[in-house]
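Okay, structure incoming, though there's no sequence with it:
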């Protein structure tokens, strides 16, 4: 055990003072809010200003609520630009000042804090010393120093951590502090890395906002938390106008959203929207993976629905609903008859198509033209279109005519009719799709469109249909702006390699200026349109913008912080078989033991899963354990664990809230756990669309231990010769 750092008590005192100042700021904010709530009268302007102030105070109070997160995690000593000597800044989660407004803690996103993350021995950025704290909330546990300048070369004092030099041979900043953070047990939810951000991660976080930034990172490289920290950093540096424009985070599924939900609030940014794609399409029911009775797309159906050709299919489907009458309509009026000629209906349809880009916005004009045409057919004196409309609009004949010529449609109504009719599918798709692809889109009609449970692949088509249709006009015939698609100043997309071209277009249309951070790993692509390169993704996300010269960038993360070297070595053999030529991340640490293989007979399989899970729980000492199964085995494995009285959760229902969780392989991407038991890897390879890549994902979830239980033969890359 090393001696206590000579500055330990001083640093603990500074941390205590920082928490006192934070509490004073919180109390001051509550007092001000109490004053703004006291008055409810006054002019509209007075009330508006009070509400605006109150919103700012609520946001500030949210920022000041840290929970269990540490406020201060480091310090830098640098040469002063203004006066001789050294000036010190404590770096933390948010800025805190004392009663004189002097800084006690500097926000990690401030420019002055950048050397804490970026300084190296060769480029010290003016630093004399960088100090890392190991803390639990306000309690200081250890100090790790890095000294810069001639004669130091990064050797410093290490208190309560690993002995020896603090600049590790890997070049990692604050190696002992980083390892202590990584090896801490998982809680079932992703934590921030604000105290241990490395230089290559910081480069991404602080990179310019404009354009699309692609972060390619293998398992364990921290790409998800880097993207979330980048969102927090951009809001800090571009508070106006980005806060008003909004920041959107899109995840692959709800298990993943639940897993990451604490990261941004822990960084003081609680107002960022976090969604899955289905959340962006209102008023429809999208089936979850747990909906066993829901309609499922076939492999060819999912691929067809994700293809960009569906834009043309949907456009044609809309045109097919804009139809001239087959025959004239003759209706009694007063003492005679009026007529709507089929030829006139054809003229109106053609004119409306030229006038209106979106279908629903043309309905009112079509109605007016129809009533004017019907009024002109009255030969016994003048009659206005309004009089004609008031007299005849309730007739079955005219309602039927409008529904044939130009029906008002929701996206769900359009696609429900399209997918439920082989004739409509053939008409819309025969120019763009093969006969097999057209057949794959057909599904039985439901009695009511509101009862339809749409698939994940349908979501982007519903969104595309909205673009073609537009919102329905209100009773006054006007479009409410609130019904339009909302755009955002910055968008973060995780696991982007699994999005189809149609889903990428859905994301792109929500970008206000083309500013995005997209993260993923080509080697983990398991979607129906798995890309071969990032160019395959970018072509659907970025379009030329007049007056702009945004440069799309691809930045790679090369260091695997989370996954032990023994597990990464095994997983890399699978990756080489799945995606030859891709470079795997470099693991920075070894785990306690190599992956364990448990080979049993078929009738012993479930007993072996139970026994292996029990041993895994004991070996990780209270950490989180996942039992990753082929999608079709999750229920069977869960029943076996229940029969053995092993308390556990199901990922689709409880996230990772319990110590043991059964996770079907389709939901495991992006998660990290202390221990992982992978069941029947051969089934995973055989059952999944991109089976070898899915297996690679399953094998790379653990931060400590991995076990593989199987009765069937192992896939070739896992066979130990």
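Received the coordinates, thanks. Since the structure is predicted, the reported quantities are computational estimates derived from the model, not experimental observations.

Bridged to residue 336, which residues?
residue 333 (DSSP bridges).

How about the contacts made by it?
378-380 (C-beta atoms under 8 Å, 6 or more residues apart in numbering). To be clear about C-beta, it is placed using only N, CA and C from the backbone, and glycine gets the same treatment.

Same check on residue 358?
Residues near residue 358 by C-beta under 8 Å, 6+ apart: 467-470.

if we take those residues, which one ends up nearest to residue 414?
Proximity of the contacts of residue 358 to residue 414 (C-beta to C-beta) peaks at residue 469, which lies at 6.4 Å.

What degree of burial does that closest one show, as a neighbour count?
Residue 469: 21 surrounding residues under other C-beta atoms under 10 Å.

Buried ones among the contacts of residue 336?
Neighbour counting with 16 or more other C-beta atoms under 10 Å marks residue 378 as buried within the contacts of residue 336.

out of the contacts of residue 336, which are inside strands?
Using DSSP state E, no member of these sits in strands.

Out of the contacts of residue 336, which is nearest to residue 419?
residue 378 (42.5 Å).

Can you check what pLDDT the model gives that closest one?
Looking at residue 378, its pLDDT is 93.

Out of the helices and strands in this protein, which is least certain?
strand 158-159 (a mean of 50; mean pLDDT, DSSP states H and E).

May I see the contacts of residue 358 arranged in a markdown table, with secondary structure as well?
Formatted as a markdown table, those follow (DSSP: H, G, I helix; E, B strand; the rest coil):
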| residue | secondary structure |
| --- | --- |
| 467 | helix |
| 468 | helix |
| 469 | helix |
| 470 | coil |
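
which SSE is residue 641 in?
Residue 641 is located in helix 634-643, with elements delineated by DSSP states H and E.

Touching the next helix or strand after that helix from outside, list them.
Under the assignment DSSP H and E, the closest C-terminal helix or strand after helix 634-643 is strand 649-650. For strand 649-650, the surrounding residues in contact (C-beta under 8 Å, 6+ apart) are 290, 634, 638, 655-658, 660-662.

Tell me the gap between strand 649-650 and the middle of its chain.
22 Å (C-alpha atoms, centre = their mean, to the nearest Å).

Name the next helix or strand downstream of that strand, please.
Next helix or strand after strand 649-650 toward the C-terminus (DSSP H and E): helix 651-654.

Check which residues of that following helix are buried.
Result for helix 651-654 [16+ other C-beta under 10 Å]: buried residues 651-652.

Also stretch 116-132?
116-120, 124, 127-132.

Those in strands, which ones?
By the criterion of DSSP E, membership of the buried residues of stretch 116-132 in strands covers 127-132.

out of the residues you listed, what pair is the most spread apart?
Farthest apart among those - using C-beta to C-beta - are 128 and 132, which lie 15.1 Å from each other.

so can I have TSV of the contacts of strand 649-650 showing neighbour count, distance to residue 690 and pLDDT?
Formatted as TSV, these follow (neighbours: other C-beta atoms under 10 Å; distance: C-beta to C-beta, whole Å; pLDDT from 0 to 100):
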residue	neighbour count	distance to residue 690	pLDDT
290	13	22	64
634	24	19	95
638	18	25	96
655	22	25	83
656	24	24	88
657	14	29	87
658	16	29	91
660	21	27	96
661	27	23	96
662	30	22	96
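
Tell me the span between the first and last residue of stretch 620-636.
24 Å (C-alpha to C-alpha, to the nearest Å).

oh, I was asking about stretch 294-314
In stretch 294-314, first residue to last residue: 23 Å (C-alpha to C-alpha).

the helices in the stretch 401-550 of the chain, which residues?
Using DSSP state H, counting those that start in this stretch, the helices found in the stretch 401-550 of the chain span residues 411-419, 422-429, 435-440, 456-469, 501-508, 534-541.

and the longest one, how far from the chain's centre?
In this view, helix 456-469 has its centroid 19 Å away from the chain centroid, taken as C-alpha atoms, centre = their mean.

I'd like the average pLDDT over the longest helix anywhere in the chain.
Ordering each helix of the chain by length in residues (DSSP state H) puts helix 8-38 first. Average pLDDT, helix 8-38: 83.

again with stretch 82-93
For stretch 82-93, mean pLDDT rounds to 88.

Return the member of the buried residues of stretch 116-132 nearest to residue 249.
Among the buried residues of stretch 116-132, and counting by C-beta to C-beta, the member closest to residue 249 is residue 117, at 22.1 Å.

Hmm, that closest one is touching residue 202, no?
Yes: in terms of C-beta atoms under 8 Å, residue 117 counts as a neighbour of residue 202; the distance is 3.8 Å.

Where do the helices of the stretch 51-200 of the chain begin and end?
Secondary structure of the stretch 51-200 of the chain (DSSP H, counting those that start in this stretch): helices located at 114-118, 175-182, 199-205.

just so I know, which of those helices lies nearest residue 15?
helix 175-182 (15.2 Å).

tell me the mean pLDDT for the closest one?
Averaging pLDDT along helix 175-182 yields 72.

same thing with stretch 464-478?
The pLDDT scores in stretch 464-478 average 88.

Pull out the buried positions in it.
Those would be 464-471, 473, for stretch 464-478 by 16+ other C-beta under 10 Å.

in the stretch 251-400 of the chain, which spans are strands?
With strands called from DSSP state E, counting those that start in this stretch, the stretch 251-400 of the chain shows them at 273-275, 285-286, 329-333, 336-340.

likewise the stretch 101-250 of the chain?
Counting by DSSP E, counting those that start in this stretch, one finds strands in the stretch 101-250 of the chain at the ranges 103-107, 127-136, 139-147, 158-159, 212-217, 247-250.

quick check: angle from the first one to helix 8-38?
If I follow you right, that is strand 103-107. On the basis of axes from the mean of the first three to the mean of the last three C-alpha atoms, to 10 degrees, strand 103-107 is oriented at 80 degrees to helix 8-38.

chain center to strand 103-107, what's the gap?
Relative to its chain's centre, strand 103-107 lies at 31 Å (C-alpha atoms, centre = their mean).

Who are the contact partners of the nearest residue to residue 533 once chain neighbours are set aside?
Among residues not flanking residue 533 along the chain, residue 522 sits closest, at 7.1 Å (C-beta to C-beta, 6 or more residues apart in numbering). Shown in contact with residue 522 (C-beta under 8 Å, 6+ apart): 216, 497, 531-534, 579, 582.

So which of those is surrounded by the most neighbours?
Most neighbours among the contacts of residue 522, by other C-beta under 10 Å: residue 497, with 25 neighbours.
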